[in-house]
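1. Curious how this folds, go ahead:
(2 chains)
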2 protein chains.
Amino acid sequence: MSDRLDARAPERSEPRERVQDALVEITALLRRHRLVEGLIQEQQGGAPGGAPAPSAVAARIRTELEDKLAGLHPADIAWILETLPLDERLYIWNLVKADRDGEILVEASDAVRESLISSMDTEELVAAAEALPTDEIAALAPDLPQEVMDDVFQGLSVEDREELRAAMSFDEDMVGALMDFDDVQVRSDVTLEVVLRYLRRFDELPSQTDQLFVVDRHETLLGVLPLNRIIVSEPETLVADVMQPPPVKLLQHEKAEMAASAFERYDLVSAPVVDTNGKLVGRVTVDEVLDFVRRRGEEEMLAHGGLREEEDVFASVWKSFRNRWAWLAINLVTAFIASRVIGAFEGSIQRLVALAALMPIVAGIGGNSGNQTITMIVRAAALGQVTQEKSRQLIRKELTVALINGLIWGGVMGAVATILYDRVSLGLVMVLAMTLNLLLAALMGVLIPLTMLKVGRDPAVGSSVMITAVTDSGGFFIFLGLATLLLV
Amino acid sequence: MSDRLDARAPERSEPRERVQDALVEITALLRRHRLVEGLIQEQQGGAPGGAPAPSAVAARIRTELEDKLAGLHPADIAWILETLPLDERLYIWNLVKADRDGEILVEASDAVRESLISSMDTEELVAAAEALPTDEIAALAPDLPQEVMDDVFQGLSVEDREELRAAMSFDEDMVGALMDFDDVQVRSDVTLEVVLRYLRRFDELPSQTDQLFVVDRHETLLGVLPLNRIIVSEPETLVADVMQPPPVKLLQHEKAEMAASAFERYDLVSAPVVDTNGKLVGRVTVDEVLDFVRRRGEEEMLAHGGLREEEDVFASVWKSFRNRWAWLAINLVTAFIASRVIGAFEGSIQRLVALAALMPIVAGIGGNSGNQTITMIVRAAALGQVTQEKSRQLIRKELTVALINGLIWGGVMGAVATILYDRVSLGLVMVLAMTLNLLLAALMGVLIPLTMLKVGRDPAVGSSVMITAVTDSGGFFIFLGLATLLLV
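-> Numbers count the residues shown, from 1 in each chain, chains lettered A, B, ... in the order given. Model (predicted):
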């Protein structure tokens, strides 16, 4: 992760180096361009003596930038745009050849894509979208204004329109959203020779084509024909004799997560997507799966950190505020509840002020331990290893671990409290309270995610806030309650 | 994520269904087997009347289980083993055909792999390892006893030994660790016809072969020859005329993360790995990259939750304790420091006990807000969008967001505190303390990850604990300090 800032790295892959270099050069050109622009504004009338006119220099820099950009992969341009602050980003964006707009938009992150789209007019957006295959138009669609989509629809063939409508009908987390329509279909009753002749009519096969799909006249999927097999088999062989049953058939409405684990488990490069009647409707390729897995990991990280959506580091203050306020508000509510629990014991704290200093320790260890339990269960649930039947076994185990932790860490802190405040009973209350709060954390750490699974929600989202709320308020209540009963 | 427990899902992909069904059947067979075993132990002498002898039934169940397992993909068996509790897991493991042991071990998760390996003797382990290609032996190596590895080395050819030694010399997060040696090499001065004849000598090309690598006699990489291009070109064409420059050349010692982003950005299926002289040493394939990306996401999630390593839900209490204690100990230390900060203000709390109830709110919002900043920066750093030059700009922005949040949420809580305790000055201290702690959180939320990047550490690990420690102790100090100055 730190490699980009690590000046010691002695070796770099070529493409990355190329992109890094390109970024450095582009930034330098932008800086020169700004200087020259300043000159132009200063001396509006004519250039001095022999130096070239600033406007001519500006034009040359512009051309140089255009050339640089022309040599870069759309994904690299998207990365460079993401790395530049807004004004420079839009300046570069205007220099990119219009026929590459669509590809770059598809590659850009959500936050940056939004800023690029809002700088374009309807006509430009329609042109950008129309240059894309239907599955990629569908990926852009949520960010495009309705009138743009209307125009795009108008411009498509009937078949493309149907594909686009199909692709747009799926949620982001469904197989249909990962699907493309670049599946190459062949019949089973022809020879490989015929297949090869057919394939040679393509200038190039669609990317990530590792297999052809064998269908009957109703487009029902019969099998797959890996390119590998075509190459190692004799040309006169019939397709029917070398085709294989597809290791995986995906359905459009399945969870994309399921497709991802099939790709991972069976090391696939592409997989057919069929409808409920077994008719081939498209394919999913591993590049889309890789993007999906990465994106999902990032979303989990963002959700865990309390960010609702991707926030680009140059996002405006206002956008950042909107992205973050909900999480802060929720946490403020749970903190307020915990505060009221403490408020109920103000009398005890006044009489024994050591309680105020010790209570955050009890609450804190419960929160940490509860989050460990939840992390373990959320991960196991994602792997399909947690079921309701196992919940009792899990609870028993977690309670045992909590008991051990409580006795050990509670014992340590109890001893410390006894020494600090010279009062054995306070130490004992500390041991008891820490143990009880850890047991509460263990119980809720199992029950919260399992309940969320049962009601069909994703336990990765929200479990952490809930357990912290329980162990904070619970920890204060247990510790202050015990102290009130036994000490005050 | 919840799909496995979701009984409403109307459609399931075939392979997953197959695995789920297999698991259900295997579990049922195991249960019957246990019943029968019980019967055998009860009536040691002879079976009653006409019923078949329990031992015969047991043998039949055993065969049935073996047949079931024989029909499953190694990755599916690994998943089933992960899902079973230890005793049943080992019983099933013993039934798996010995020649598949290696493949299944490679597919299993770390925690489960360990439990399987510890049930095998040296001979079995050597046999399992020897059945694998060298890159996969290298992946197993850290979990194998030294004497097993010694034996495996003995059994390998000189060339394989060198490959294994090379593969074992890389850290998990280097390109070398993702590399395999199944690259198919061709020369540039032959025709595609010759290449095809050469390829037909393979029964099957190595999996994930989407391109051949064109090398000279010193094995220097000259270009790549996509299978696609072989198929769409005329057989008499020379390799030199259709080969392409490799879009990416990876180096063995690069960060795997860099390879992953190249695969993602350029939609690769395989990429050549070269040494510093440009000699082809192997290739990386997308299935390894997909595993790497998934694993990395999981490790981040575990690290975030305070688990040091993967913990299987059936891990023993002792193992769970070992996995979790370090995190709890660290958090206990930071909680103790915060507790001493409070201890320093016990006098003030005694005089104005409302402070005890309000102080966790100030600390809490700082922690949450600081974690949001860190999440955003860690993510941007992973994408290479954060550099030291931008740190001032980032700090300024985060401080502005913090100021707004402080005034709004501080204002809300200040008003609530004023009403609850009927004291305007307390409310004002609340506003001031929350704003200051949010500013502290923003500043440290930028500086902590940037400093970790600067000293070459991964900011995803540990930043969160550090920020919480700062905002807890800092929050208590700011709030209680201000209250002591202004109120008490």
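2. Quick one: low-confidence residue ranges for chain A.
-> Along chain A, the parts satisfying pLDDT under 70 run over A:1-18, A:42-52.
3. Roughly how far does the residue nearest the centre of chain A sit from chain B?
-> Chain A has residue A:295 as the residue nearest its centroid, 2.4 Å off, counting by Cα atoms, centre = their mean. As judged by Cβ to the nearest Cβ, to the nearest Å, residue A:295 and chain B stand 10 Å apart. Every residue, glycine included, has its C-beta placed from N, CA and C.
4. secondary structure element for that residue?
-> With elements delineated by DSSP states H and E, residue A:295 resides in helix A:286-305, which encompasses its position.
5. Counting neighbours, which bits of the helix or strand just after that helix end up buried?
-> Remark: after helix A:286-305, the chain's next helix or strand is helix A:317-343, criterion DSSP H and E. Residues of helix A:317-343 classed as buried under the neighbour-count rule (16 or more other Cβ atoms under 10 Å in any protein chain shown) are A:319-321, A:323-325, A:327-328, A:330-332, A:334-336, A:338-339, A:341-343.
6. among the residues you listed, which are within reach of chain B?
-> The overlap between the buried residues of helix A:317-343 and the neighbourhood of chain B (criterion: Cβ under 8 Å from any Cβ of the partner chain) consists of A:320-321, A:324-325, A:327-328, A:331-332, A:335-336, A:338-339, A:342-343.
7. Including distance to residue A:270, could those residues go into JSON lines?
-> Putting those into JSON lines (distance: Cβ to Cβ, whole Å) gives the following:
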{"residue": "A:320", "distance to residue A:270": "40"}
{"residue": "A:321", "distance to residue A:270": "43"}
{"residue": "A:324", "distance to residue A:270": "40"}
{"residue": "A:325", "distance to residue A:270": "43"}
{"residue": "A:327", "distance to residue A:270": "39"}
{"residue": "A:328", "distance to residue A:270": "44"}
{"residue": "A:331", "distance to residue A:270": "44"}
{"residue": "A:332", "distance to residue A:270": "48"}
{"residue": "A:335", "distance to residue A:270": "50"}
{"residue": "A:336", "distance to residue A:270": "53"}
{"residue": "A:338", "distance to residue A:270": "52"}
{"residue": "A:339", "distance to residue A:270": "56"}
{"residue": "A:342", "distance to residue A:270": "59"}
{"residue": "A:343", "distance to residue A:270": "61"}
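8. Enumerate the residues of the stretch 51-200 of chain A near chain B.
-> Taking Cβ under 8 Å from any Cβ as the criterion, the contact residues of the stretch 51-200 of chain A with chain B come out as A:73, A:75-76, A:79, A:82-83, A:85, A:107, A:109, A:196, A:199-200.
9. Going along the chain, name the strands of chain A.
-> A:185-186, A:211-215, A:221-226, A:250-251, A:270-274, A:280-285 (DSSP state E).
10. Of these, give the one that comes closest to residue B:138.
-> Nearest of the strands of chain A to residue B:138, taken as Cβ to Cβ: strand A:221-226 at 27.4 Å.
11. touching chain B at all, the closest one?
-> No - applying Cβ under 8 Å from any Cβ, one finds strand A:221-226 separated from chain B by no less than 8.6 Å.
12. Contacts for that strand next, please.
-> Strand A:221-226 has contacts (Cβ atoms under 8 Å, 6 or more residues apart in numbering or on different chains) with A:186, A:188, A:195, A:210-216, A:239, A:242-246, A:249, A:272, A:274, A:278-280.
13. And for stretch A:99-116?
-> A:74-75, A:77-78, A:81-82, A:86, A:89-90, A:93, A:96, A:117, A:120, A:124, A:127-132, A:136, A:139-140, A:143, A:309-312, A:315, B:265, B:383.
14. how long is it end to end?
-> Counting by Cα to Cα, to the nearest Å, you get 15 Å between the two ends of stretch A:99-116.
15. now it, how far from the centre of its chain.
-> Averaging C-alpha positions (Cα atoms, centre = their mean, to the nearest Å) puts stretch A:99-116 16 Å from its chain's average.
16. can you list the domains in chain A?
-> Here the domain assignment for chain A is A:2-172, A:185-305, A:317-486, based on automatic domain parsing.
17. got a markdown table for the strands of chain A, with distance to residue B:153 and mean neighbour count too?
-> Formatted as a markdown table, the strands of chain A follow (distance: least, Cβ to Cβ, whole Å; neighbours: other Cβ atoms under 10 Å in any protein chain shown):
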| stretch | distance to residue B:153 | mean neighbour count |
| --- | --- | --- |
| strand A:185-186 | 47 | 16 |
| strand A:211-215 | 38 | 24 |
| strand A:221-226 | 35 | 21 |
| strand A:250-251 | 42 | 25 |
| strand A:270-274 | 38 | 25 |
| strand A:280-285 | 39 | 24 |
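18. Which one of the ones you listed lies nearest to residue B:66?
-> Short answer: strand A:221-226, nearest of the strands of chain A by Cβ to Cβ, at 28.4 Å.
19. quick check: angle from the closest one to strand A:211-215?
-> Computed by axes from the mean of the first three to the mean of the last three Cα atoms, to 10 degrees, the angle separating strand A:221-226 from strand A:211-215 equals 160 degrees.
20. Wait, residue A:308 touches residue A:325, no?
-> No - Residue A:308 is not in contact with residue A:325 according to Cβ atoms under 8 Å; the separation is 9.2 Å.
21. Nearest residue to residue A:432 in space, please, no chain neighbours.
-> When the adjacent residues along the chain are set aside, residue A:432 lies closest to residue A:482, with 5.9 Å between them (Cβ to Cβ, 6 or more residues apart in numbering or on different chains).
22. can you pull the contacts of that neighbour?
-> By Cβ under 8 Å, 6+ apart, the contact list for residue A:482 reads A:429, A:432-433, A:436.
23. Could you rank those by neighbour count and give me the top one?
-> Within the contacts of residue A:482, residue A:433 tops the neighbour count with 29 neighbours, counted by other Cβ atoms under 10 Å in any protein chain shown.
24. Spit out the contact partners of that one.
-> Residues touching residue A:433, when contacts are defined by Cβ under 8 Å, 6+ apart, comprise A:362, A:410, A:475, A:478-479, A:482-483.
25. repeat that with 7 Å
-> Listed by Cβ atoms under 7 Å, 6 or more residues apart in numbering or on different chains, the contact set of residue A:433 reads A:362, A:478-479, A:482.
26. hmm, who's touching stretch A:324-339?
-> Under the criterion Cβ under 7 Å, 6+ apart, residues A:306-308, A:465, A:469, A:472-473, A:476, B:357-358, B:360-361, B:364-365, B:368-369, B:372, B:405, B:409, B:413 lie in contact with stretch A:324-339.
27. let's see 8 Å
-> Counting by Cβ under 8 Å, 6+ apart, A:306-308, A:363, A:465, A:468-469, A:472-473, A:476, B:357-358, B:360-361, B:364-365, B:368-369, B:372, B:401, B:405, B:408-409, B:412-413, B:416 sit against stretch A:324-339.
28. CA-only coordinates of that stretch in CSV, if you can.
-> These are the backbone C-alpha positions of stretch A:324-339, laid out as CSV (Å, rounded to 0.1, in the frame of the first residue of the first chain):
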residue,chain,number,x,y,z
ARG,A,324,-20.3,11.8,7.2
TRP,A,325,-23.0,13.4,9.3
ALA,A,326,-25.4,10.4,9.5
TRP,A,327,-22.8,8.2,11.2
LEU,A,328,-21.8,10.9,13.7
ALA,A,329,-25.5,11.5,14.5
ILE,A,330,-26.1,7.8,15.2
ASN,A,331,-23.1,7.6,17.4
LEU,A,332,-24.1,10.7,19.2
VAL,A,333,-27.4,9.2,20.0
THR,A,334,-25.8,6.0,21.4
ALA,A,335,-23.3,8.2,23.3
PHE,A,336,-26.1,10.2,24.7
ILE,A,337,-27.9,7.1,26.0
ALA,A,338,-24.7,5.9,27.7
SER,A,339,-24.4,9.4,29.2
